[in-house]
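> model this:
(one chain, ligands or ions: 1)
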Amino acid sequence: MQLFDISDERKRALLQQLGVLHSLSIELYFLQDASQLRQPLNLRNEAAAVSLLLGFFAEHHSDGEGGIDARAQQALLAELLRHGRTLWPELASGNVTVSGSSSSSSAATVRGEPVPADSPAGQFEAWAVQQGVAAGIQIASFDGLRGCAASRNVAPGDLLLSIPSDLLIYQDSVLATDLGRMLHAIPNLTVDNLLIIFTMIDRHDADSQWALYWRSLPHKYYTGLSFPQALVDALRGTAAHLELTRAQAHLRQQFAASKPLFDMLLTAYPQFLEAGWFDYDSYLWAAELWYSYAFEIEFPDSSAAADKGGFPAAVADVVPVVTGSKPGASTTSSSTSGSSATTGSCCKPVMVPFACHVNHSPWPHCVRYGRLNPTTRTLDFPAFRPCTKGQQVFISYGPVPNLKLLCYYGFCVPSNPHDLVPLQLEPPEGPLQEQQAAVLEAQGLGLEHSLQDGPLSRQLLGCLRVVVATAEELESMRKGTLDPMAGPIAAENEEQALHTLQAALLGLLEPLEQLPLLAAGDGDVAEALAGANGNNAAEAVSGLLRLHPHQPAADGGADASTAKQTAAPRPADQQPQCNENGFDADWRTSLRFCQIYLRGQQYILQQSLKECQRLMHP
Ligand SMILES: C[S@@+](CC[C@H](N)C(=O)[O-])C[C@H]1O[C@@H](n2cnc3c(N)ncnc32)[C@H](O)[C@@H]1O
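Numbers count the residues shown, from 1 in each chain. So this is what the prediction gives:
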């Protein structure tokens, strides 16, 4: 596919430079050679470059600033829009699927059903407009998944949303409230915990300025952070299992560390606070909200030091470079995404009412939204491609792989173009280990790698060549006469390197393919598992699915799962009710997303194995 089709050489060069500027380290990790930078790396990267130019025109259109003559500007804008149309024909024709509650549906064919005006979301929407939110979208339900629909036909460059900074919930606005000031006086409270604890209390305050926003949110989240133990176990052996185990333990530790503070608050303010607001489920609710609904926003000209919270937060394409990772998350390149502060700016985790009702897609309508407009003091969400009235509007939460989506948002994207499989190579051992470690360091090569649906990374292959090199080869690498990244250094070395890779890939793929969740068919995964006489994980999941729907299974741990095993099975005709986001208390929707995650991992591993074998027998 020839994506990069702007005819004028200079304009193409400009777009290309913007694309390079917007490349993320994970994209550069998979770059095969510099000539690839002459083409768009992928839709995300190209969309970011196009959006940057559209934003520039929007800013300079009326005042004629920027040294661009108005007619030349119009011509360039027209060319850019044409470029967009040829770039995303499949998007324009609606050939994009999005995961809803029960089945994959075409985003173009499912029209949103606006939420009732008297529902909590409807009341919130009316309030937001009164507060000055300019919205070209409205909250709607799409086949059981709540999101936002275009309320008129949207053209590239049009604003989907513009939100006054007064509505934002973040450290500064929280500290301007009485509750925030009181919490701020508590020593050693991190920004993350301040925001979580503020949320735990403020959501119960009918007089809070954000009361209608809090009410519009789901009563329960189903992100991986609240997966019951049996569901985590169903992913055993995968990176998601590791990440979930770490992240859940991290939250439990944070909660335990905050417990004395909760007791102190309850003792000090018995007339205002209730003990039920401070249990683990309430803490988890607020934490999951911040993990799955917050954005990382850049505040230009902010004099404050950057308050980097640990929240992952949706990351728009604002400026290149890299953001932090989630608590408990490993620092593999799969956590690499997003934006950072420029000089004089700082990025903060922010709850952005209304915008946080917009769902994610790797084929979004808007990628560039994360910077407060210093002139209007609004947070703007411009579209870079059209959207027809009534269709669902998507933003990109960043190039997020399914592992992160599952753990921190609770869903996965089938055929996610940003999906990855983390691959951790063993540290060097044996008599050559010091030499190997020295060469790896000199080459800037680590042992943590990633696989994608595409060519193997040069860095991964380079690393493997070092790990299996002889003493002489290592010495030549040290002197710089052999470059392991440039290509095979010797037939035997290459054969060994590829055998090592093949063994590592099989070591991941074979246990994955034994997981009952992967083997279960396409229908109702839960039914398939409940009927299966599989191994312990399958029994655990089917046991879990027999739980009474109203018993909170989110606590995990042995006591939670064993205590509830005795509950009566649900009759087949009483399917569980789904919440606004299509999740059910029996975790059936979550099981399906776990299966999508596993299938994505399997596919990438199979493709990588094929590629490895192709290199073995060219
Ligand atoms: C920032 S909120 C988006 C608004 C949310 N749907 C609502 O109306 O409350 C993120 C949550 O929405 C859901 N979500 C977002 N994008 C999705 C998608 N493409 N498929 C399925 N669920 C999605 C997930 O539950 C996720 O944790």
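
> low pLDDT regions in the stretch 501-618 of the chain?
Within the stretch 501-618 of the chain, the segments meeting pLDDT under 70 span 522-576.

> ok, now which ones touch the residue of it found nearest the ligand?
Closest residue of the stretch 501-618 of the chain to the ligand, Cβ to the nearest ligand atom: residue 581 (3.8 Å). For glycine as for every other residue, the C-beta is placed from the backbone atoms N, C-alpha and C. Each residue near residue 581 by Cβ atoms under 8 Å, 6 or more residues apart in numbering is listed here: 101, 145, 146, 218, 222, 410, 411.

> what residues does the stretch 201-350 of the chain put near the ligand?
218, 223, 292, 293 (Cβ under 6 Å from any ligand atom).

> pretty sure the last one is touching residue 355, no?
Read it as residue 293. No: if you go by Cβ atoms under 8 Å, residue 293 and residue 355 don't touch, sitting 9.3 Å apart.

> So for those two, which sits in the more crowded spot?
residue 355 (28 against 21; other Cβ atoms under 10 Å).

> Regarding the more buried one, what are the backbone dihedral angles?
phi -60, psi -30 (degrees, to the nearest 10).

> Check residue 450 too.
phi -140, psi 150.

> What does the pLDDT read for residue 32?
Looking at residue 32, its pLDDT is 79.

> With the ligand as the reference, measure out to it.
In this view, residue 32 and the ligand are 30 Å apart by Cβ to the nearest ligand atom, to the nearest Å.

> Residue 129 too?
Taking Cβ to the nearest ligand atom, one finds residue 129 at 17 Å from the ligand.

> How about the contacts made by whatever residue of the stretch 1-150 of the chain ends up closest to the ligand?
Going by Cβ to the nearest ligand atom, the ligand is nearest to residue 146 of the stretch 1-150 of the chain, at 3.4 Å. With contact taken as Cβ under 8 Å, 6+ apart, residue 146 is in contact with 115, 121, 139, 140, 357, 580, 581.

> Are we agreed that it is in a strand?
Yes: per DSSP: H, G, I helix; E, B strand; the rest coil, residue 146 lies within a strand segment.

> tell me what the helix or strand where residue 348 lies is packed against?
Here residue 348 sits within strand 346-351, counting by DSSP states H and E. For strand 346-351, the packing partners by 3 or more Cβ pairs under 8 Å, 6 or more residues apart in numbering; DSSP states H and E come out as helix 171-175, helix 191-202, helix 280-293, strand 294-299.

> Show me which helix or strand of the chain is least confident by mean pLDDT.
helix 557-563 (a mean of 33; mean pLDDT, DSSP states H and E).

> can the next helix or strand after it be found next to the ligand?
Next helix or strand after helix 557-563 toward the C-terminus (DSSP H and E): helix 588-616. No: applying Cβ under 6 Å from any ligand atom, one finds helix 588-616 separated from the ligand by no less than 8.0 Å.

> Tell me the buried residues in helix 588-616?
588-602, 604-605, 607-609, 611-612, 615 (16 or more other Cβ atoms under 10 Å).

> pLDDT below threshold where in the stretch 101-250 of the chain?
If you take pLDDT under 70 as the line, the stretch 101-250 of the chain has these spans: 101-109.

> if you go through it in chain order, where are the strands?
With DSSP state E, counting those that start in this stretch as the criterion, the stretch 101-250 of the chain has strands at 104-106, 113-114, 134-135, 137-142, 145-150, 159-164.

> Now a ChimeraX select for only the buried ones of the contacts of residue 146.
A single ChimeraX command selects the buried members of the contacts of residue 146 (16+ other Cβ under 10 Å):
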select :115,121,139,140,357,580,581
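
> of the contacts of residue 146, closest to residue 190?
Taking Cβ to Cβ as the measure, residue 190 lies nearest residue 357 of the contacts of residue 146, at 27.2 Å.

> Contacts only, for the closest one.
Counting by Cβ under 8 Å, 6+ apart, residue 357 has contacts 121, 139, 146, 147, 148, 216.

> now swap in residue 171 and tell me
191, 194, 195, 307, 348, 349.

> can we see that at 7 Å?
191, 194, 195, 307, 348 (Cβ atoms under 7 Å, 6 or more residues apart in numbering).

> cool, and residue 152?
With Cβ under 7 Å, 6+ apart, residue 152 has these contacts: 136, 389.

> Swap in 10 Å and give it another go.
Applying Cβ atoms under 10 Å, 6 or more residues apart in numbering to residue 152 gives the contacts 136, 137, 138, 158, 387, 388, 389, 390.

> Then residue 403?
Counting by Cβ under 10 Å, 6+ apart, residue 403 makes contact with 224, 235, 238-240, 242-244, 329, 332, 334-335, 412, 416, 419-422, 597, 600-601.

> Could you rerun that using 6 Å?
Residues near residue 403 by Cβ atoms under 6 Å, 6 or more residues apart in numbering: 239, 240.

> Would you quantify the distance from it to residue 467?
Distance, residue 403 to residue 467, using Cβ to Cβ, to the nearest Å: 25 Å.

> How about residue 26?
Computed as Cβ to Cβ, the residue 26 to residue 467 distance reads 22 Å.

> Ok, residue 399 next?
From residue 399 to residue 467 the distance is 28 Å (Cβ to Cβ).

> for residue 375, same thing?
For residue 375, the distance to residue 467 - Cβ to Cβ - is 54 Å.

> for residue 352, same thing?
According to Cβ to Cβ, residue 352 and residue 467 sit 45 Å apart.

> just residue 156 next, same as before
From residue 156 to residue 467 the distance is 48 Å (Cβ to Cβ).

> for residue 363, same thing?
Residue 363 is 38 Å from residue 467, by Cβ to Cβ.

> These two - which one has more neighbours?
residue 467 (25 against 20).

> For the more buried one, grab phi and psi.
Phi and psi for residue 467, reported as degrees, to the nearest 10, are phi -60, psi -30.

> ok now do the closest residue to the ligand within the stretch 351-500 of the chain, which residues does it touch?
With Cβ to the nearest ligand atom, the shortest gap between the stretch 351-500 of the chain and the ligand falls at residue 359, namely 3.3 Å. Contact analysis of residue 359 by Cβ under 6 Å, 6+ apart lists 147, 394.

> hmm, try it at 8 Å
Applying Cβ under 8 Å, 6+ apart, we find residue 359 in contact with 98, 145, 147, 148, 392, 394, 395.

> Closest one to residue 86 out of the residues you listed, please.
residue 394 (20.5 Å).

> Quick check: residues of the stretch 351-500 of the chain near the ligand?
356, 357, 359, 360, 361, 409, 410, 411.

> Among those residues, which has the minimum pLDDT value?
For these, the pLDDT minimum is residue 361, 92.

> pLDDT score assigned to residue 83?
Looking at residue 83, the pLDDT reads 74.

> Give me the helices and strands touching the helix or strand where it lies, please.
Secondary structure assignment for residue 83, by DSSP H and E: helix 70-87. Packing partners of helix 70-87 (3+ Cβ pairs under 8 Å, 6+ apart): helix 9-21, helix 43-60.

> ok, of those, where does mean pLDDT dip lowest?
helix 9-21 (a mean of 63).

> Could you look up the next helix or strand downstream of it?
By DSSP H and E, the next helix or strand past helix 9-21 is helix 25-29.

> what's the model's confidence in that next one, averaged?
If you average the pLDDT over helix 25-29, you get 77.

> From the chain's centroid, how far away is it?
Per Cα atoms, centre = their mean, to the nearest Å, the displacement of helix 25-29 from the mean C-alpha position of its chain is 16 Å.
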